[in-house]
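Enquirer: quick one, structure for this:
(chains A and B)
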Amino acid sequence: GDSVTQMEGPVTLSEEAFLTINCTYTATGYPSLFWYVQYPGEGLQLLLKATKADDKGSNKGFEATYRKETTSFHLEKGSVQVSDSAVYFCAHKGGNNFNKFYFGSGTKLNVKP
Amino acid sequence: EPEVTQTPSHQVTQMGQEVILRCVPISNHLYFYWYRQILGQKVEFLVSFYNNEISEKSEIFDDQFSVERPDGSNFTLKIRSTKLEDSAMYFCASRPGAYTEAFFGQGTRLTVV
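Expert: Predicted coordinates:
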């Protein structure tokens, strides 16, 4: 069935390090893909999205490319900041079910100064 | 900026008691959702609501759960007789159209003792 798998955390990096959080998905059809972020004490906020193959979503220095051939949507940032410390959730919606979202388990990122 | 609002932020209840979790979705949105996240696990879909009725529900959403949109602005999740395993963070979400991203609230942390 439909699902999302993302790398387990926590991921601990020093400020200005390069970040990759892996995400792969299983879906029938052609889902839209999302990254949501949850800062401490807050709700889920949309970080970026991509709606079709080869689309690149980007926001706040984060990027992810919709790779249909590898069913992946890895999150990257070239230089992380302490303020990026949060939990990141990969999600998809669509395929043959346009109604609900499927989430990964979340990856906690800790950035040290 | 419009946002989804959830109350309370934290609810502690005794096993067997009824709880009502409240949400105020963004005003022109048409699709409404409840998700939950048990600590350390995935964000799980519970139920979706459109046009004043449930459009889809998961196997988690059994007869103990119900949703209502009583007055055109609030969207509530009721758990009739809480169990210990209902302890989780519950997220409400809404979206304006069928192909858009979802906007999430900050969540209600439910603790059943």
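
Enquirer: low-confidence ranges in chain A?
Expert: A:95-98 (pLDDT under 70).

Enquirer: distance of the closest residue in space to residue A:56 that isn't next to it in sequence relative to chain B?
Expert: Sequence neighbours aside, residue A:65 is the residue nearest to residue A:56 in space, at 4.7 Å (criterion: CB to CB, 6 or more residues apart in numbering or on different chains). Placement of C-beta: from N, CA and C, glycine included. Separation of residue A:65 from chain B (CB to the nearest CB, to the nearest Å): 18 Å.

Enquirer: pretty sure residue A:65 contacts residue A:73?
Expert: Yes. Shown here, residue A:65 and residue A:73 form a contact pair, counting by CB atoms under 8 Å, at 7.3 Å.

Enquirer: coming back round to it: and the residue nearest to residue A:56, what does it touch?
Expert: For residue A:65, the contact set (CB atoms under 8 Å, 6 or more residues apart in numbering or on different chains) comprises A:50, A:54, A:55, A:56, A:57, A:73, A:74.

Enquirer: helix/strand/coil for the second one?
Expert: Under DSSP: H, G, I helix; E, B strand; the rest coil, the three-state class of residue A:54 is coil.

Enquirer: how would you label residue A:83: helix, strand or coil?
Expert: Of the three states, residue A:83 takes helix under three-state DSSP.

Enquirer: about what we covered before: may I have the phi/psi pair for the residue nearest to residue A:56?
Expert: Dihedral pair for residue A:65: phi -110, psi 130, per degrees, to the nearest 10.

Enquirer: between residue A:65 and residue A:73, which contacts overlap?
Expert: residue A:50.

Enquirer: so which residues on chain A come close to chain B?
Expert: Contact residues, chain A versus chain B (CB under 8 Å from any CB of the partner chain): A:32, A:34, A:36, A:41-46, A:49, A:51, A:89, A:91, A:93-94, A:97-106.

Enquirer: before we move on, back to that, so the residue nearest to residue A:56 versus residue B:111, what's the distance?
Expert: 40 Å (CB to CB, to the nearest Å).

Enquirer: likewise for residue A:36?
Expert: 24 Å.

Enquirer: who's more crowded, the two?
Expert: More neighbours surround residue A:36 than the other of residue A:36 and residue B:111, with 25 against 13 (other CB atoms under 10 Å in any protein chain shown).

Enquirer: what about the nearest residue to residue A:16 once chain neighbours are set aside, neighbour count?
Expert: Among residues not flanking residue A:16 along the chain, residue A:79 sits closest, at 4.7 Å (CB to CB, 6+ apart). Using other CB under 10 Å, residue A:79 is surrounded by 11 other residues.

Enquirer: residue A:86 reaches residue A:37, doesn't it?
Expert: Yes. With contact defined as CB under 8 Å, residue A:86 reaches residue A:37; the gap is 4.9 Å.

Enquirer: middle-most residue in chain B, spatially?
Expert: With distances taken as CA atoms, centre = their mean, residue B:34 lies nearest the centre of chain B, 3.2 Å away.

Enquirer: now name the helix or strand holding that residue.
Expert: strand B:31-37 (DSSP states H and E).

Enquirer: what about the residue nearest to residue A:56, distance to residue A:52?
Expert: Relative to residue A:52, residue A:65 is positioned 11 Å away (criterion: CB to CB).

Enquirer: excluding covalently adjacent residues, which one is nearest to residue B:28?
Expert: residue B:96 (6.1 Å).

Enquirer: that neighbour: how many residues sit nearby?
Expert: 16.
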